[in-house]
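Engineer: Need coordinates for the following:
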Amino acid sequence: MDASTLFLGVLFSSIGLGFFIYGRKQQQPVPLLCGLALMIYPYFVSTALPLAAIGTVLTVLPYFLRL
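Structural biologist: Numbering: from 1, shown residues only. Next up is the predicted model:
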């Protein structure tokens, strides 16, 4: 694990925490689930490029998918 992987993991986990809290307070499932996924997936991805790609997709998904 290098510094960029650690930084991206902390960054996307922080964004995920924000999405999770927002989704829980507003009772919206998409931000809630994306936030949960953003907090969990850095434990299973060990390289920087997939970490950034998956994190970017999960971060913009609530913007385009509104239920």
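Engineer: switch to C-alpha atoms for all contacts and neighbour counts from now on
Structural biologist: Noted.
Engineer: Which neighbouring elements make contact with the helix ranked longest in the chain?
Structural biologist: The residue-count maximum for a helix in the chain (DSSP state H) belongs to helix 3-26. With contacts defined as 3 or more CA pairs under 8 Å, 6 or more residues apart in numbering; DSSP states H and E, the packing partners of helix 3-26 are helix 29-40, helix 48-64.
Engineer: Taking helix 29-40 as reference, get the angle to the last one.
Structural biologist: Pointing back at helix 48-64 there. Orientation of helix 48-64 against helix 29-40 (axes from the mean of the first three to the mean of the last three CA atoms, to 10 degrees) gives an angle of 160 degrees.
Engineer: what comes into contact with helix 48-64?
Structural biologist: Identification of contacts with helix 48-64 by CA atoms under 8 Å, 6 or more residues apart in numbering yields 4-5, 8-9, 12, 15-16, 30-31, 34, 37-38, 42, 45.
Engineer: if we can go back for a sec, please identify the deepest-packed of the helices and strands packed on helix 3-26.
Structural biologist: helix 29-40 (a mean of 22; mean count of other CA atoms under 10 Å).
Engineer: what is the mean pLDDT for that one?
Structural biologist: In this model, helix 29-40 has a mean pLDDT of 95.
Engineer: next one: stretch 12-24
Structural biologist: The average pLDDT for stretch 12-24 rounds to 96.
Engineer: residue contacts, the closest residue to Ser14 other than its chain neighbours?
Structural biologist: Closest residue in space to Ser14, ignoring its immediate chain neighbours: Met39 at 7.5 Å, by CA to CA, 6 or more residues apart in numbering. Residues near Met39 by CA under 8 Å, 6+ apart: 12-14, 16-17.
Engineer: from what I can see Arg24 touches Leu32, true?
Structural biologist: Yes: between Arg24 and Leu32 a contact is recorded at 6.1 Å, counting by CA atoms under 8 Å.
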